[in-house]
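Q: The sequence isn't on hand, but the structure is:
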Ligand code: UDP
């Protein structure tokens with residue numbers, strides 16, 4: 001079986017699509033993995049995976065990034081992709097069994113239909129996001145999105161926990177046309193693949209199954225035989241600062257708060273300063289990732305004067321962390337996170353530390369609700385109506401997370417989620433079964 005994978009050319013997306021491809025290689029599939037030129041030299045070679053490069057106008061890895069520019073870059077690769085697919089269909093001995101396209105590459109639906117190739121949709125986020133996206137027409141007809149009251153409670157989405165309108169993914173609230181394209185003719189897709197676990201999201205998965213087959217084959221990090229790419233071969237623009245690992249070695253177990261907002265979230269300089277003062281006031285050791293583009297200013301301009309001096313004995317600021325290794329370090333005891341799906345899954349697989357949620361964009365508010373309301377593995381930072389987080393709120397929440405009984409309870413719940421994920425990859429477990437049925441279903445398509 002020969003499968004063509006088309007990820008959105010962003011770090012989180014490429015990593016997950018690659019991890020899923022590696023899982024299927026170990027089951028006897030071969031892959032053509034499509035990358036834009038900017039990423040081509042950046043990804044580790046892997047047996048069974050051939051990397052093909054297509055031209056694009058611009059790079060999603062540029063230091064300043066926004067979603068719409070990434071989508072227009074994605075559009076620009078369509079002609080190159082069509083040419084590649086045509087070539088593969090004509091020349092490859094194995095033919096092309098199917099395409100696995102990132103859910104953000106909405107035009108893959110048309111291309112698959114045009115070339116008569118089955119299409120699987122790869123979700124690098126969770127199943128809740130798709131269950132909501134499929135229900136959008138009904139939400140729109142009830143006036144619950146686009147201009148409605150952001151505080152209104154929405155508890156009518158099958159399989160999805162009750163949410164405020166403001167907690168819906170941004171693609172639903174702000175990009176209605178994009179959302180429409182994303183779920184158009186979804187029932188015609190061969191299936192949806194998720195880096196999630198059935199036991200984590202059984203309700204939305206049940207709902208989605210009414211439209212198309214689902215394959216929750218995650219978490220890839222715990223899949224048998226999963227080998228993490230060496231850091232120098234991971235796609236990314238920022239070099240990992242590994243000095244933080246030696247620094248963590250000097251600190252007591254479970255004492256450090258790891259603070260990271262992923263690769264895309266931004267923050268005003270004032271908010272960064274307020275956060276810094278909150279971290280200082282908490283008295284807790286912290287490792288804080290401040291990307292060079294988080295506030296579009298240098299770290300020295302962003303932080304309060306003498307902040308580095310004052311927190312020298314218990315705080316470390318770096319540009320980019322080897323996150324998996326940081327989370328696996330015994331000194332880390334809590335995670336202040338923007339609630340990106342990869343960060344959540346990585347914590348549940350590696351550390352299981354309680355999470356302090358500060359969602360920013362995308363589907364992060366939804367993820368925070370899942371963590372706080374349903375899984376009870378995190379607490380949320382209190383934000384004002386305009387999204388401002390006060391230093392007092394930071395200091396209070398950090399103490400609660402790292403020192404209080406609440407933190408212990410959150411940790412127990414996170415551990416239970418990890419157990420569910422580990423069981424899913426044992427013989428007969430849900431992720432094993434879904435992986436086998438995915439392979440069988442692809443075989444059936446080809447015969
Ligand atoms: N990450 C990292 N170093 C950092 C911060 C983040 O390697 O200092 C990685 C993290 O391990 C995860 C990805 O960047 O795989 C972020 O993905 P996520 O879905 O959490 O958030 P996004 O960047 O898409 O908002």
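A: Nice, I can see it. Because the structure is predicted, anything quoted here is derived from the model rather than measured. Residues are numbered from 1 along each chain as shown.
Q: Could I get the pLDDT score of residue 400?
A: Per-residue confidence (pLDDT) for residue 400: 95.
Q: That one: which element?
A: helix 391-403 (DSSP states H and E).
Q: Just list what that helix packs against, helices and strands only.
A: strand 256-260, helix 269-282, strand 332-337, strand 355-357, strand 378-380, helix 405-424 (3 or more C-beta pairs under 8 Å, 6 or more residues apart in numbering; DSSP states H and E). C-beta coordinates here come from the backbone N, C-alpha and C atoms, glycine included.
Q: quick one: residue 344 and residue 36, what's the gap?
A: As judged by C-beta to C-beta, to the nearest Å, residue 344 and residue 36 stand 27 Å apart.
Q: residues in contact with whatever residue of the chain ends up closest to the ligand?
A: Relative to the ligand, the nearest point of the chain is residue 340 (2.3 Å; C-beta to the nearest ligand atom). Residue 340 sits next to 12, 262, 263, 362, 364, 367 when contact means C-beta atoms under 8 Å, 6 or more residues apart in numbering.
Q: Any buried residues in the helix holding residue 400, and which?
A: 391, 393, 394, 395, 396, 397, 398, 399, 400, 401, 402, 403 (16 or more other C-beta atoms under 10 Å).
Q: Nearest to residue 144 among those residues?
A: Ranked by distance to residue 144 (C-beta to C-beta), these are led by residue 393 at 28.9 Å.
Q: Report how many residues lie close to the nearest residue to the closest one once chain neighbours are set aside.
A: When the adjacent residues along the chain are set aside, residue 393 lies closest to residue 382, with 4.5 Å between them (C-beta to C-beta, 6 or more residues apart in numbering). For residue 382, the count of nearby residues is 13 (other C-beta atoms under 10 Å).
Q: can you pull the pLDDT of residue 382?
A: At residue 382, pLDDT is 93.
Q: what do you get for residue 62?
A: Predicted confidence (pLDDT) for residue 62: 57.
Q: again with the one 10 residues further on
A: The pLDDT attached to residue 72 in the predicted structure is 83.
Q: swap in residue 8?
A: 89.
Q: again with residue 99
A: In this model, residue 99 is scored at 98, pLDDT.
Q: cool, and residue 134?
A: pLDDT for residue 134: 95.
Q: any idea which element it lies in?
A: Residue 134 belongs to helix 127-141 when elements are defined using DSSP H and E.
Q: contacting residues around that helix?
A: Residues contacting helix 127-141 (C-beta under 8 Å, 6+ apart): 103, 123, 145-146, 154, 156-161, 168-169, 171-172, 176, 179-180, 182-183, 186, 192, 194, 196, 201, 203-205, 207-208, 211, 214, 216, 363, 366, 370.
Q: buried subset of those residues?
A: For these, a burial check counting by 16+ other C-beta under 10 Å picks out 103, 123, 145, 154, 157, 159-161, 168-169, 171-172, 179, 182-183, 186, 192, 194, 196, 201, 204-205, 207-208, 211, 214, 216, 363, 366, 370.
Q: Let me see the ranges of the strands in the stretch 51-200 of the chain.
A: Ranges of strands within the stretch 51-200 of the chain are 98-102, 119-123, 153-154, 163-164, 191-194, based on DSSP state E, counting those that start in this stretch.
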